[in-house]
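1. Mind folding the following:
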Amino acid sequence: MRKFKQKAAKSAKEVLSECSLRPLRSSVGFLFLLLAGCATVPFEVEPKADFQGLEPTAVVEDFDAAVGRKFELLESVVFKFFGKEITGLGALAINPENTSYALTCMTPTGITVFGVRGTGDTVEALFVPPPMEKHRDHFAEAIGLDLRRIYLGWTPPPGAKVKHKKNRMVFTEKRDGETVEYTFSGPRKLLTEKRFSKGWKTRCIVRYFEYEEFDGRLYPMGIILHNKQFHYRMILRVKEVYLERAEKPCAASETGCSHNCGNSASVSFHEE
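-> Below is the predicted model:
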């Protein structure tokens with residue numbers, strides 16, 4: 001147990017420090033969750049709430065002001081692909097300021113099974129599962145893209161189209177040849193799903209569960225990603241959150257500020 005904790009902490013520090021992010025603290029507990037499939041959702045689903053009469057701009061701005069930004073996480077990871085399942089502990093770092101990210105995952109026996117890091121559209125495979133070695137570059141690109149889908153771009157951009165549903169609000173934007181749908185639902189009006197499609201085919205679905213507050217910011221404690229294009233799933237359950245505080249306030253521009261620094265420009269959405 002002690003050797004595994006030391007190895008997990010060392011691996012996390014090496015990967016995250018190379019990405020110019022604060023190293024993960026070494027006092028990491030050994031926490032794993034073995035999930036036995038995706039037929040049922042292993043997280044608590046937000047109860048339904050009435051969205052009729054709500055202002056779309058207020059829903060987005062309230063969530064944008066509440067959700068976490070730059071952070072590091074310790075989370076259990078269940079990765080399912082081609083009939084195989086890998087369960088491990090993942091160390092994740094996200095920095096939306098320069099769109100950088102890093103994820104490394106280790107098995108309960110302390111073996112590093114996959115790891116990626118990247119900035120923007122550039123991604124590098126640090127480790128890949130042996131069955132995926134011949135697809136190393138494609139694997140890294142897919143994981144890197146999905147990490148950006150999950151953790152970068154929490155809210156729809158100004159001008160996104162919006163549809164009012166009885167129990168939810170759905171925003172739609174066109175981006176990089178894809179259609180992205182953001183679904184807000186529940187009594188707290190939180191982001192609960194992002195759906196990525198091209199044409200009539202759904203490429204990827206991300207679902208967010210069990211938001212909790214840390215230091216005044218909300219973080220989804222459970223995430224399920226289903227990549228339909230490459231036929232794999234990731235189930236993520238957050239165990240610890242390590243917060244990053246900005247050293248200075250961000251500078252607002254004419255196009256608006258994504259941080260809750262008091263300088264955000266107002267935005268509007270087109271209702272259908």
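2. Show me the shaky parts of the protein.
-> 1-40, 244-272 (pLDDT under 70).
3. rerun that using 80 as the cut-off
-> Along the chain, segments meeting pLDDT under 80 span 1-41, 82, 86, 108, 113, 129, 131-132, 243-272.
4. which non-adjacent residue is nearest Lys174?
-> For Lys174, the nearest residue in space outside its immediate sequence neighbours is Val180; the separation is 7.8 Å by CB to CB, 6 or more residues apart in numbering. For the C-beta atoms, the positions are set from N, CA and C on the backbone; glycine is no exception.
5. and that neighbour, that one's in a strand?
-> Yes: with DSSP: H, G, I helix; E, B strand; the rest coil as the criterion, Val180 is located in a strand.
6. What residues does it make contact with?
-> Listed by CB atoms under 8 Å, 6 or more residues apart in numbering, the contact set of Val180 reads 156, 172-174, 194-196.
7. Mind giving me the PyMOL command for buried ones among those residues?
-> Entered in PyMOL, the line below selects the buried ones among these, by 16 or more other CB atoms under 10 Å:
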select buried, resi 156+172+173+194+195+196
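8. would you list the contacts of Val180 in JSON lines and tack on distance to Ala49 and secondary structure?
-> Compiled in JSON lines, those are given as follows (distance: CB to CB, whole Å; DSSP: H, G, I helix; E, B strand; the rest coil):
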{"residue": "Pro156", "distance to Ala49": "19", "secondary structure": "coil"}
{"residue": "Thr172", "distance to Ala49": "21", "secondary structure": "strand"}
{"residue": "Glu173", "distance to Ala49": "24", "secondary structure": "strand"}
{"residue": "Lys174", "distance to Ala49": "28", "secondary structure": "strand"}
{"residue": "Lys194", "distance to Ala49": "19", "secondary structure": "strand"}
{"residue": "Arg195", "distance to Ala49": "20", "secondary structure": "strand"}
{"residue": "Phe196", "distance to Ala49": "25", "secondary structure": "strand"}
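9. For the contacts of Val180, work out which two are farthest apart.
-> Lys174 and Lys194 (14.2 Å; CB to CB).
10. where along this structure do the helices fall?
-> 2-18, 56-66, 136-151 (DSSP state H).
11. which other helices and strands contact the second one?
-> Same thing as helix 56-66. Under the contact criterion of 3 or more CB pairs under 8 Å, 6 or more residues apart in numbering; DSSP states H and E, the helices and strands touching helix 56-66 comprise strand 168-175, strand 178-185.
12. got the angle for the last one vs helix 56-66?
-> Read that as strand 178-185. Relative orientation of strand 178-185 with respect to helix 56-66: 90 degrees, computed using axes from the mean of the first three to the mean of the last three CA atoms, to 10 degrees.
13. Could you pull out the strands in the stretch 1-150 of the chain for me?
-> 71-81, 84-95, 100-106, 112-119, 122-127 (DSSP state E, counting those that start in this stretch).
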